[in-house]
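Colleague: attaching a predicted model along with its sequence, questions to come.
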Amino acid sequence: MKATTPTQDLMRGIWRENPVLVQMLGLCPALAVTNTVANSLAMGIATFFVLLGSSLLVSLLRHLIPNEVRISAYILIIATFVTVAEMGLEAIVPEVHKALGAFIALIVVNCMILGRQEAFASKRPVGRALLDAVGTGVGFLIALFLMGAFREIIGMGSFLGQPLFGPHYEPWVVMILPPGGFLTLGALLIALSWFQKRRAAGAATAAALAAEGGAA
Amino acid sequence: MGDLFWILLSAMIVNNFTLAMFLGLCPFFGVSARVETALRMGLANIFVLVLTALCSWALNTYVLVYAPYLRLISFIVVIASLVQIVEMAIKKLSPTLFRQLGIFLPLITTNCAILGLAIFQTNRGYGLAEGLFFAVGAGLGLTLALVLMASIRETTELSDVPDVTRGTGLVLIIAGTLSLAFMGFAGLLSAA
Amino acid sequence: MSAEVTPSPEFDEAPPVSPFKLLGTLGIAGALAGLLLVTVFQITQPSIQAYKAKVLRQAVLEVLGGPQEYETLYVVDGALTNELPAGADARALEKVYLGIDEDGSPDGFAIPAAKPGFQDVVSLIFGYDPATGQLRGMKVLANKETPGLGDSIEKKAWFTGQFAGRSVPLVAVKKGTGSGDATEVDMITGATISSRTVIKAINEALERVRGMVDAYRPGAAGAGGAER
């Protein structure tokens, strides 16, 4: 494995290897609960908490867990943190708990979390594992926030419950319904891919110009 | 009986697990390139879902009454172990069946549809019969979504789509359209 | 995975760890996880229960429209009782709530009901007064109907407000075409199925429990009749 700097560990998950937009992990919550900004943020924060806790523990225990049972041990750790998060949410903000419903429990099967444990936290010291967890968690939060904002603004004409467009705006209700989730993520991915293609084309043109200039 | 029928059709069509509740997306995007594989994945899913319904009913009735906070952990551990045992049994008893379905079994265990079924079954207080109908409905719904998706993807592979949409973007837009189509079934099973 | 074919690949692997060590590790991890969960459960449970009780109380008192106290009754063997039968699980039993006014005398029932709607099950609670045969109020507790159309059954005050004072069985009519009869309930334009679901849920639930409600004599089931 290539050595990375702490900054790379932190920044990688946020954009270049964004769990949702680039790696296509954790799609289930990203599509299911992003119908409003508030729900997206709550889900992002809950997942962040679970990821941070599990990475910390897995990294601390990495020399103690035998290789043969590591996946079971990771799942046990993750499930514990998810249960803690679920009970905490229900006790502190019951309305949010009701809105997210079964999808809080489903954080357990978010492949993003298990993936980070297997690929990173189980092999690195605690500090690096935490940086990586923060980066990935923030990246997940950003992706969910983008989707939630897009869907709420178009589908309800509001942002965090505040009406934006006045009473004459006819909300595009389908965006906060299930199809809106698929369409929003699809549109986001296509937009990203368009940007990348453009940048690649731009870089190619620049390189060609530079080569021309060098030759002249 | 009417209720059981409603549970089955609701999980299969109106509240389709994949297209309306976003459960089981990994196989939906990962194994939906060919109709044949999609169909087999769907069948394996029905099988595991029914096992899950049995398991979670037993856990809910006999164990979790005393320790509700162990719900998630025990669901995951018990379902994963059971699927592995069944996988070994199938491998021994019927190598043909194993080649058809077996390779999908480990993939399915960590699929949100499985845990989702167990959790929804618990939250709604379903008994054994209701749970089984729910599982069969959910499995059929998954299979339906997978096969539809695969048949559309087989066609789009050869068609001339804009370059930037190639890949997951296009699949998501197709999924959105399918989900939109399934919304048309709402009201099908309602009281009126 | 190497492409090299070895007859028995297990000889190439690291020496196997003893199964007892594996079991031990998982056992310790499981015990620690259990301990943590029990602790958090003990800390959070009181506020979770308190919130659930508060939500239920608000809904019951709202649809009873008057009484400030209520008593939980369980449906056991086709009759209502205020005492939980020995060994029964309270969560598995159907319940109705008996309103109790300031003098301690019974005043109306709050009855939960549920029925499949446009998308998924709509659950609600309504207040019913056996003395007059009229409804006291209706509140939708949970629905997944279309936002902006079907979910008006929960959010539009003119719809939820019209149930108070209606006689049963209810009759659904298109808004503005009613003859003014006391059984008529206006449906929401664009949400006919959702509106009709609410009306049918109430009619069916009443049909089921009306006999029990009329037969119930507070205090008859035991000395602690009016206690909560």
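Modeller: Right, received. Where do you want to start?
Colleague: how far does the longest helix seen in chain A sit from its chain's centre?
Modeller: Criterion DSSP state H: the longest helix present in chain A is helix A:178-215. Using C-alpha atoms, centre = their mean, to the nearest Å, the distance from the centre of helix A:178-215 to the centre of the chain it belongs to is 22 Å.
Colleague: cool, and stretch B:11-27?
Modeller: 7 Å.
Colleague: pull out the buried positions in the helix or strand of chain C with the lowest mean pLDDT.
Modeller: Lowest on mean pLDDT, DSSP states H and E among the helices and strands of chain C sits strand C:79-81, with a mean of 83. Within strand C:79-81, the residues scored as buried using 16 or more other C-beta atoms under 10 Å in any protein chain shown are C:80-81. No exception for glycine: its C-beta is placed from N, CA and C like everyone else's.
Colleague: check what contacts the worst-scoring helix or strand of chain B on mean pLDDT and list those residues.
Modeller: Scoring the helices and strands of chain B by mean pLDDT, DSSP H and E places helix B:105-109 at the bottom, with a mean of 71. Residues outside helix B:105-109 that contact it (C-beta atoms under 8 Å, 6 or more residues apart in numbering or on different chains) are B:26-27, B:31, B:44-45, B:48, B:79-80, B:83-84, B:86-87, B:90, B:114.
Colleague: just the CA trace of that helix, in PDB.
Modeller: Coordinates of each C-alpha in helix B:105-109 appear next as PDB, following Å, rounded to 0.1, in the frame of the first residue of the first chain:
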ATOM      1  CA  LEU B 105     -25.700 -16.100  -1.100                       C
ATOM      2  CA  PRO B 106     -22.700 -14.500   0.600                       C
ATOM      3  CA  LEU B 107     -23.400 -11.300  -1.300                       C
ATOM      4  CA  ILE B 108     -26.900 -11.200  -0.100                       C
ATOM      5  CA  THR B 109     -26.200 -11.500   3.600                       C
END
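Colleague: which strands or helices does the next helix or strand after it pack on?
Modeller: Sequence-wise, the next helix or strand downstream of helix B:105-109 (DSSP states H and E) is helix B:112-123. If you count contacts as 3 or more C-beta pairs under 8 Å, 6 or more residues apart in numbering or on different chains; DSSP states H and E, helix B:112-123 packs onto helix B:35-62, helix B:71-93, helix B:128-156.
Colleague: the helix or strand where B:Trp6 lies - contacts with which helices or strands?
Modeller: Per DSSP H and E: B:Trp6 is located in helix B:2-9. Other helices and strands packing on helix B:2-9, by 3+ C-beta pairs under 8 Å, 6+ apart, are helix B:128-156.
Colleague: B:Ile73 and chain A, how far apart?
Modeller: 5 Å (C-beta to the nearest C-beta, to the nearest Å).
Colleague: go ahead and confirm that residue touches A:Ile78.
Modeller: No. Applying C-beta atoms under 8 Å, one finds B:Ile73 not in contact with A:Ile78, separated by 9.7 Å.
Colleague: may I see the buried residues of the helix or strand encompassing C:Glu204?
Modeller: In the assignment (DSSP H and E), C:Glu204 maps to helix C:192-215. Neighbour-count burial for helix C:192-215 flags C:192-203, C:205-206, C:209-210, C:212-213 (criterion: 16+ other C-beta under 10 Å).
Colleague: so it, near chain B or not?
Modeller: Yes. Remark: helix C:192-215 sits within contact range of chain B at C:192-193, C:196-197, C:200-201, by C-beta under 8 Å from any C-beta of the partner chain.
Colleague: list the contacts for the most centrally placed residue in chain A?
Modeller: Computing the C-alpha centroid of chain A and ranking residues by C-alpha atoms, centre = their mean puts A:Phe140 first, at 1.5 Å. The neighbours of A:Phe140, taking C-beta under 8 Å, 6+ apart as the test, are A:13, A:18-20, A:26, A:30, A:44, A:47-48, A:51, A:112.
Colleague: quick one: which of the residues you listed sit in helices?
Modeller: Short answer: the contacts of A:Phe140 in helices (DSSP H) are A:13, A:30, A:44, A:47-48, A:51, A:112.
Colleague: isn't A:Gly13 up against A:Pro19?
Modeller: Yes. Using C-beta under 8 Å, A:Gly13 makes contact with A:Pro19 at a distance of 6.5 Å.
Colleague: each with direction, which strands does the least confident helix or strand of chain C pair with?
Modeller: In the sheet, strand C:79-81 lines up against strand C:69-76 (antiparallel) (DSSP bridges).
Colleague: got the CA coordinates for the partner strand in PDB?
Modeller: Provided in PDB are the C-alpha atoms of strand C:69-76 (Å, rounded to 0.1, in the frame of the first residue of the first chain):
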ATOM      1  CA  GLU C  69     -57.900  12.200  31.900                       C
ATOM      2  CA  TYR C  70     -58.300   8.800  30.300                       C
ATOM      3  CA  GLU C  71     -58.000   5.100  31.100                       C
ATOM      4  CA  THR C  72     -56.500   2.400  28.900                       C
ATOM      5  CA  LEU C  73     -58.800  -0.500  28.200                       C
ATOM      6  CA  TYR C  74     -57.700  -3.700  26.500                       C
ATOM      7  CA  VAL C  75     -59.800  -5.900  24.200                       C
ATOM      8  CA  VAL C  76     -59.700  -9.400  25.600                       C
END
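Colleague: tell me what angle that strand forms with helix C:192-215.
Modeller: 90 degrees (axes from the mean of the first three to the mean of the last three C-alpha atoms, to 10 degrees).
Colleague: which parts of chain C are strands?
Modeller: C:69-76, C:79-81, C:95-100, C:106-116, C:121-129, C:134-142, C:171-173, C:184-186 (DSSP state E).
Colleague: over to chain A?
Modeller: Using DSSP E, strands in chain A cover A:158-159, A:162-163.
Colleague: not counting sequence-adjacent ones, nearest residue to B:Pro68?
Modeller: Closest residue to B:Pro68 apart from its sequence neighbours, by C-beta to C-beta, 6 or more residues apart in numbering or on different chains: C:Phe41 at 7.8 Å.
Colleague: closest one to C:Ala29 out of the contacts of helix B:105-109, please.
Modeller: The shortest approach to C:Ala29 among the contacts of helix B:105-109 belongs to B:Ala80, at 15.2 Å (C-beta to C-beta).
Colleague: coming back round to it: closest one to A:Val96 among the helices and strands packed on helix B:112-123?
Modeller: helix B:71-93 (18.3 Å).
Colleague: report the buried residues of the next helix-or-strand element following that closest one.
Modeller: As assigned by DSSP H and E, the chain's next helix or strand after helix B:71-93 is helix B:95-101. Within helix B:95-101, the residues that count as buried by 16+ other C-beta under 10 Å are B:98, B:101.
Colleague: helix B:95-101 packs against which elements?
Modeller: In terms of contacts (3+ C-beta pairs under 8 Å, 6+ apart), helix B:95-101 is packed against helix B:35-62, helix B:71-93.
Colleague: now do the shared contacts for A:Gly13 and A:Pro19.
Modeller: Counting by C-beta under 8 Å, 6+ apart, the contacts common to A:Gly13 and A:Pro19 are A:136, A:139-140.
Colleague: want to try TSV for these, with pLDDT as columns?
Modeller: What follows is the shared contacts of A:Gly13 and A:Pro19, written out as TSV (pLDDT from 0 to 100):
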residue	pLDDT
A:Thr136	94
A:Gly139	94
A:Phe140	95
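Colleague: looking at the residues you listed, which is nearest chain B?
Modeller: A:Phe140 (15.4 Å; C-beta to the nearest C-beta).
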